[in-house]
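>>> Compute the structure for the input listed below.
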Amino acid sequence: MKRVRIALLTVSGFLLLWTLEFFILPSHCPDSTCELEVDHGLGLRQVANQLVQKNILWEPWTFTWVGRVLGRQGQVKAGSYQWSSPPTPWRLLRSLTEGEENGWEVRISEGGTFAQLRQVLAAQTSLHQDTATLSEARIMARLGIHAGSLEGWFYPDTYVYSPGDSDWDVLRRAHQAMQRHLDSLWRERDPSLMLSSPYQAIIMASLIEKETANSGERSHIAAVFYNRLRLGMRLQTDPTVIYGLGSHYDGHLHRRDLRADTPYNTYTRSGLPPTPIAFPGLAALRAALHPAVTTDLYFVARGDGTHQFSGNLADHERAVTRYQLQRNP
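Below you'll find the predicted structure:
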């Protein structure tokens with residue numbers, strides 16, 4: 001009987017310590033804040049290992065076991081997380097499988113622009129608006145961006161934050177995420193590409209992002225752009241024209257717009273535009289650095305979200321007649 005009591009006391013003490021550790025005691029933040037990037041498709045054990053690698057948790061098993069017992073093994077939400085104070089493991093689990101309980105997050109969308117991102121940040125009443133009155137040049141200087149503009153430099157993802165955080169935190173994390181993905185992809189790029197810098201890769205990826213949302217076409221469209229550049233042909237892509245028109249774009253692209261020369265009009269100017277025209281996602285970045293192998297030089301929208309590709313002008317004109325002129329007489 002004495003041994004049973006000792007065993008029960010031991011188990012009770014263990015459960016008490018475990019409860020304190022998981023539900024009450026905060027985890028560890030190596031810096032002033034805890035940050036974690038969670039890619040799509042990761043499970044509880046992989047995320048727990050990430051938390052251990054970042055020294056936020058000291059072991060992965062308890063976190064993984066509790067998550068599985070509660071049926072959350074398939075509920076990890078991808079995104080960029082930040083906690084302004086060390087969270088308990090329980091809060092970590094809830095945040096990563098439910099999102100922050102009060103919905104404090106900023107979503108940067110693929111194909112969006114920096115002007116749109118500023119509007120999204122301004123709408124977050126729980127964020128300190130420290131960049132609202134700053135020029136793009138000031139923001140670029142503080143983030144250490146040496147380029148033509150801020151366009152394209154923020155990685156599309158969901159950024160979870162705590163109330164009272166600054167919009168600087170979101171911009172910094174989004175820029176660092178873009179830089180991290182870009183650096184990794186640039187090292188593995190196709191060596192034959194006509195790109196002189198990672199920045200040009202963002203520019204090319206932004207064109208691909210705006211041309212198609214079809215995952216199976218991105219590398220094909222990238223190949224068409226590279227083929228045209230090699231032959232000295234102008235890219236002639238409508239999204240660049242629209243971007244160059246800015247507030248003058250009325251929702252319809254007219255012939256006069258194609259003739260209106262701006263730095264972004266790829267009908268009147270050769271080569272890539274001077275800056276990105278949107279935030280490219282990971283798939284567009286990969287396509288820009290690993291284009292398909294094809295001799296195609298043209299494509300036209302079919303109207304169903306896909307494109308008809310052609311290797312010569314005659315075939316392209318027939319495709320335009322079939323898919324564009326007949327649909328818009």
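>>> List the contacts of Asp130.
Listed by Cβ atoms under 8 Å, 6 or more residues apart in numbering, the contact partners of Asp130 are 166-168. In this view, the C-beta of every residue, glycine as well, is placed from N, C-alpha and C.
>>> ranking those by neighbours, who comes first?
Neighbour count (other Cβ atoms under 10 Å) singles out Asp167 as the most crowded of these, with 22 neighbours.
>>> Beyond the lengthiest helix in the chain, next helix or strand please.
Counting by DSSP state H, the longest helix found in the chain is helix 167-187. Sequence order places helix 198-211 as the next helix or strand after helix 167-187, per DSSP states H and E.
>>> Give the other helices and strands that that following helix contacts.
helix 167-187, helix 218-230, helix 238-245, helix 282-289 (3 or more Cβ pairs under 8 Å, 6 or more residues apart in numbering; DSSP states H and E).
>>> Report the distance from it to the chain centre.
13 Å (Cα atoms, centre = their mean, to the nearest Å).
>>> Any stretches of this protein with poor pLDDT?
1-28, 30-32, 84-85, 99-103, 325-329 (pLDDT under 70).
>>> ok, Leu182 - contacts?
198, 201-202, 285.
>>> Could you measure from it over to Thr294?
25 Å (Cβ to Cβ, to the nearest Å).
>>> Let's have the helices and strands packed on helix 198-211 in JSON lines, adding distance to Ala137.
Shown next, in JSON lines, are those (distance: least, Cβ to Cβ, whole Å):
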{"stretch": "helix 167-187", "distance to Ala137": "14"}
{"stretch": "helix 218-230", "distance to Ala137": "30"}
{"stretch": "helix 238-245", "distance to Ala137": "19"}
{"stretch": "helix 282-289", "distance to Ala137": "25"}
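>>> and among the ones you listed, the most buried is which?
Sort the helices and strands packed on helix 198-211 by mean neighbour count, taking mean count of other Cβ atoms under 10 Å, and helix 282-289 sits at the top with a mean of 24.
>>> Show residues contacting the following helix or strand past that one.
Once the chain leaves helix 282-289, the next helix or strand it forms, by DSSP H and E, is strand 298-301. The contact list for strand 298-301 (Cβ under 8 Å, 6+ apart) reads 220-221, 224, 307-313, 315-316, 319-320, 323-324.
>>> What remains of those residues if I keep only buried residues?
220-221, 224, 307-310, 316, 319-320, 323 (16 or more other Cβ atoms under 10 Å).
>>> Max pairwise distance over those residues: which two?
Spanning the widest gap among the buried ones among the contacts of strand 298-301 are His220 and Val320, at 17.7 Å by Cβ to Cβ.
>>> State the distance from Trp104 to Gly164.
10 Å.
>>> Compare neighbour counts for those two and give me the winner.
Taking other Cβ under 10 Å, Trp104 and Gly164 do not tie; Trp104 has more neighbours (19 against 10).
>>> Tell me who's in contact with the more buried one.
Trp104 neighbours (Cβ under 8 Å, 6+ apart): 124, 126, 160-163.
>>> Looking at those residues, which are in strands?
Val160 (DSSP state E).
>>> Narrow the contacts of Trp104 to those that are buried.
Buried among the contacts of Trp104 (16+ other Cβ under 10 Å): 124, 160-162.
>>> Let me see the domain layout of this structure.
24-98, 192-325 (automatic domain parsing).
>>> What helix or strand is the residue nearest the centre of the chain located in?
In the chain, the centroid-proximal residue (Cα atoms, centre = their mean) is Pro156; its distance is 2.2 Å. Per DSSP H and E: Pro156 is located in neither a helix nor a strand.
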